[in-house]
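S.K.: How does the following fold in three dimensions:
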Amino acid sequence: MEAMNVFASRLFPRENRFVSGHRACQGCGEALAVRMVHQLLGRNTMVASATGCMEIISSSYPDTAWSVPWLHVAFENAAAVASGIEVGLNILMEKGKLPKRRITVVGMGGDGGTSDIGLQALSGALERGHRMIYVCYDNEAYMNTGIQRSSATPFGASTTTSPAGKFSPGQQTWKKNLPMIAVAHRIPYVATACPSYPFDLADKVRRAAEAKGPAYIHMFASCPTGWRMNPELAVAIGRLAVDSQVFPLYEVVDGRLHLTHPVREPRPVKDYFAPQGRFRHLDEAAVARIERRVREEYQRLLERDGQILF
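M.R.: Model (predicted):
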């Protein structure tokens with residue numbers, strides 16, 4: 001254990017760029033993920049952050065939880081602003097108004113600000129080929145404004161706009177596959193990541209920073225409030241998501257898919273659902289239907305592991 005702690009301390013710099021004192025809920029998996037990402041990216045970073053939980057909890061005037069340049073932008077245009085920052089920095093360096101050096105530009109948003117409202121800006125930035133990282137912190141609903149469903153809300157989950165009741169079993173559409181939509185833009189790097197697997201996350205953040213073009217990271221970000229679970233389960237729930245095949249960990253490097261944590265003997269999906277109140281209404285038939293879909297999608301990933309997708 002001591003050797004692992006020493007290795008982790010070398011992997012993650014001691015300096016935090018997303019610092020303590022913010023107003024996140026107890027047990028917020030998204031805040032944990034944001035801190036880890038920016039520990040790894042370091043000080044030469046600029047961030048364009050969409051409206052959402054992380055903006056609200058980190059920037060209550062006159063305080064800030066950010067020790068790197070950070071811009072709060074509209075819900076829909078974090079990727080567009082990040083791409084503009086990247087172009088602006090390049091021009092200033094070419095004109096000699098800034099010293100030439102590597103500055104990592106990051107766009108960030110939740111699943112609503114990425115898969116719904118911000119999808120057009122993200123698609124445009126990826127298509128234009130800007131050298132930037134976009135991180136979607138996916139907590140599977142619009143948590144900041146009252147736990148409304150998004151296109152990333154999983155089938156069957158109960159939210160305030162897809163409530164479970166007598167005539168409705170919760171969300172009735174399947175989760176949008178944002179990582180593969182990013183892959184379809186033929187960009188250099190796409191990955192899924194989870195803070196419950198920090199070494200895997202660290203490898204992926206570093207590869208994203210080194211990519212010679214756009215990089216997209218889809219981050220598992222548990223929400224104890226919206227998921228109606230015990231706050232102390234932030235790390236455990238991420239491991240259950242991966243071990244049940246609900247949230248596969250993989251990367252696509254220059255078109256080649258690679259499962260970074262293959263799960264060939266998965267835990268039952270019901271184990272992942274059990275700690276979460278948002279799934280408590282589902283009967284055995286509904287859980288079995290969801291599990292079949294999860295297994296089918298994971299099997300397709302296993303079959304494509306090592307293959308070139310574009």
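S.K.: And the helices in this protein, which stretches?
M.R.: Using DSSP state H, the helices found in the chain span residues 2-11, 29-41, 53-58, 78-94, 111, 119-128, 178-183, 198-210, 224-227, 234-243, 269-273, 284-304.
S.K.: among those, which gets the worst mean confidence?
M.R.: Mean pLDDT is lowest for helix 2-11 out of those, coming in at a mean of 55.
S.K.: pretty sure residue 138 contacts residue 217?
M.R.: No: applying Cβ atoms under 8 Å, one finds residue 138 not in contact with residue 217, separated by 10.2 Å. Glycine gets a C-beta too; all of them are placed from N, C-alpha and C.
S.K.: that older thread, output the helices of the chain as a markdown table; include the columns distance to residue 160 and mean neighbour count.
M.R.: Formatted as a markdown table, the helices of the chain follow (distance: least, Cβ to Cβ, whole Å; neighbours: other Cβ atoms under 10 Å):
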| stretch | distance to residue 160 | mean neighbour count |
| --- | --- | --- |
| helix 2-11 | 38 | 10 |
| helix 29-41 | 19 | 24 |
| helix 53-58 | 15 | 22 |
| helix 78-94 | 24 | 19 |
| helix 111 | 15 | 27 |
| helix 119-128 | 22 | 19 |
| helix 178-183 | 22 | 19 |
| helix 198-210 | 30 | 19 |
| helix 224-227 | 9 | 21 |
| helix 234-243 | 21 | 20 |
| helix 269-273 | 19 | 20 |
| helix 284-304 | 20 | 14 |
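S.K.: Who are the contact partners of residue 221?
M.R.: If a contact means Cβ atoms under 8 Å, 6 or more residues apart in numbering, then residue 221 has 29-30, 33, 110, 137-139, 195 as its contacts.
S.K.: Could you tell me the per-residue confidence at it?
M.R.: pLDDT, residue 221: 98.
S.K.: and the closest residue to residue 266 other than its chain neighbours, how far is that from residue 232?
M.R.: Once flanking residues are discounted, residue 266 sits nearest to residue 245: 4.5 Å by Cβ to Cβ, 6 or more residues apart in numbering. Taking Cβ to Cβ, to the nearest Å as the measure, residue 245 and residue 232 are separated by 24 Å.
S.K.: if you count what's nearby, which of the two comes out ahead?
M.R.: Ranked by neighbour count (other Cβ atoms under 10 Å), residue 245 and residue 232 place residue 245 first, with 22 against 10.
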